[in-house]
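Peer 1: Here you go, sequence then predicted model.
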Amino acid sequence: MDLIKNNGRASVPAIKQYLKSADACGGDYLPLLSAAGIDPKVIDDNTSHVSNAAMERLLKLLIEASGDPCFGLHSARFVEPASYSVLGYISMSCATLRTIQAKIPIYEKIVGDMGVTTVEIANGYALQRWQCLFSDPEVKRHEVENVLGSWVLYSRNFLNIEGVDSIWFEHSAPIDPTFLQDYRDVFGCDVLFDKPVSGVRIREGMLDIPLPQANDLLLETLLAHATKLLAELDHSQTMSDQVKNLLRLVINQRSPSSQMVAEKLGISSRTLQRKLGEEGTSYSDVLNELRMELALYFLKNTSLSMENIAAELGYAEARSFYRSFKQWTGRTAGSYRS
């Protein structure tokens, strides 16, 4: 099952990073917002989103107005925790990079649907990849360079993490080789072009280095806020999507009940079951579908043990997870990972 879903939205904090870069260059971005079909008033609300199409149009206009072949890369300098909405502060409160990577598929939607993050661990290295969902090749290049640059600078400036092994880009190197120094200045490591995927490569051991600002109590508060934000984003979605996204936040609790989910949605358990039935599904179907999606993600993109994956999916015992996975896929979890 493919976890990549593009609901077509970009958060205002993600847009602001580019606007700050344009402003620093002396550009007037307000006319460009209007030209892209974005109400300038929206930019004052960090909880708002715009369509991916509008975000892509705006970025194209900003690139052209800047005259900077590395506009996306240079805009990474303006990354801050708020650039990732509540996800930025969640990451600052996590204990390790491995914990952060486990949270990304749950909360990435809050930042937007401009792309999808996955992690590949092999041969002692972890490659955190980012697949951009924009269609314009030039805009896509700037967006990818911004995202990877922002990851590295955010980790360096706010998580006190150094030691990136290399940066991978699917696209080719800039035609003018003098710009290669700009990449070295931002990343501080080898930058490789024409790779099969785009991502940041680090040694696997870095995933378990304790982060200095870890705070379990603050993390709990931030997750509660994230629940509210996801619920607001899901207001116009189907009931099964609303249930699934709520379950993402509580699935590691043992067998989250339909009654608990109904209460969080502000409806009765009977109404929940009726609405799901009208969509041709049930609470147990939605729960199992999400468990399978996350299981496939964890098995392919993390090095979590089977026991830890089972716990993340809300199973009391690993053998229950093994049995469910075999029923879903016809394969064992171990054979799927290998």
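Peer 2: Great, that's in hand.
Peer 1: In which helix or strand does V200 reside?
Peer 2: strand 199-203 (DSSP states H and E).
Peer 1: Can you tell me what sits against that strand?
Peer 2: 97, 120, 124-130, 148, 151-152, 163-168 (CB atoms under 8 Å, 6 or more residues apart in numbering). Every C-beta, even on glycine, is put in place using the N, C-alpha and C of the backbone.
Peer 1: Recalculate using a threshold of 7 Å.
Peer 2: Strand 199-203 is contacted by residues 124-130, 148, 151-152, 163-168 when judged by CB atoms under 7 Å, 6 or more residues apart in numbering.
Peer 1: Stretch 69-81 too?
Peer 2: 17-18, 20-21, 62-63, 68, 88-89, 92, 142-143, 145-146, 149-150, 153-154, 158, 174, 179, 182-183, 186.
Peer 1: and if we set it to 8 Å?
Peer 2: 17-18, 20-21, 24, 59, 62-63, 68, 88-89, 92, 141-146, 148-150, 152-154, 157-158, 174, 176, 179, 182-183, 186.
Peer 1: likewise stretch 264-282?
Peer 2: In contact with stretch 264-282 (CB under 8 Å, 6+ apart) are residues 227, 231, 238-240, 242-243, 246, 258-259, 261-262, 283, 285-286.
Peer 1: can you pull the buried residues of it?
Peer 2: Under the neighbour-count criterion of 16 or more other CB atoms under 10 Å, stretch 264-282 has K264, L265, L272, K275, L276, T281 buried.
Peer 1: closest to F298 among those residues?
Peer 2: F298 lies nearest to T281 out of these, by CB to CB, at 23.2 Å.
Peer 1: Could you check how far the closest one is from S240?
Peer 2: Using CB to CB, to the nearest Å, T281 is found at 5 Å from S240.
Peer 1: Among the contacts of stretch 264-282, show me the least confident.
Peer 2: Lowest pLDDT within the contacts of stretch 264-282 is found at A231 (69).
Peer 1: max-length helix in the protein?
Peer 2: helix 137-158 (DSSP state H).
Peer 1: on that earlier part again, and the contacts of strand 199-203, which are buried?
Peer 2: Here, 16+ other CB under 10 Å leaves A126, L127, Q128, R129, W130, L148, W151, V152, V164, S166, I167, W168 buried among those.
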